[in-house]
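In: how would this look folded up:
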Amino acid sequence: MNAPAAVQTAWYRVPEVWLIFVLLGATILGTFVMMAMATRQPDTHLVVPNDVPRPSKIPPITPAATAPARGHGAD
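Out: Residues are numbered from 1 along each chain as shown. Have a look, this model is predicted:
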């Protein structure tokens, strides 16, 4: 029995190859666009009133103001 001969097609006629090229090209193009945007636009400095520098990113704990108890027979 003879096995059928495999059909040889050129690489540029396979649609999956073009899909890979398009995805890779879009990724590289997007990387350069993001790099250009990051280098052209300066970072904005945010100012928070009454902010003190602290060594960690955890905000300081401020106790809640306690109000006098009302309505429990303490008139």
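In: who's in contact with the spatially most central residue of the chain?
Out: In the chain, the centroid-proximal residue (CA atoms, centre = their mean) is residue 34; its distance is 12.0 Å. Contact analysis of residue 34 by CB atoms under 8 Å, 6 or more residues apart in numbering lists nothing. Every residue, glycine included, has its C-beta placed from N, CA and C.
In: which helix or strand contains it?
Out: helix 15-40 (DSSP states H and E).
In: distance between that helix and the chain's centre?
Out: 17 Å (CA atoms, centre = their mean, to the nearest Å).
In: that helix - what's its average pLDDT?
Out: Computed over helix 15-40, the mean pLDDT rounds to 96.
In: circling back to that earlier point, quick one: the residue nearest to the centre of the chain and residue 46, what's the gap?
Out: 22 Å (CB to CB, to the nearest Å).
In: with residue 37 instead?
Out: From residue 37 across to residue 46, the span is 19 Å (CB to CB).
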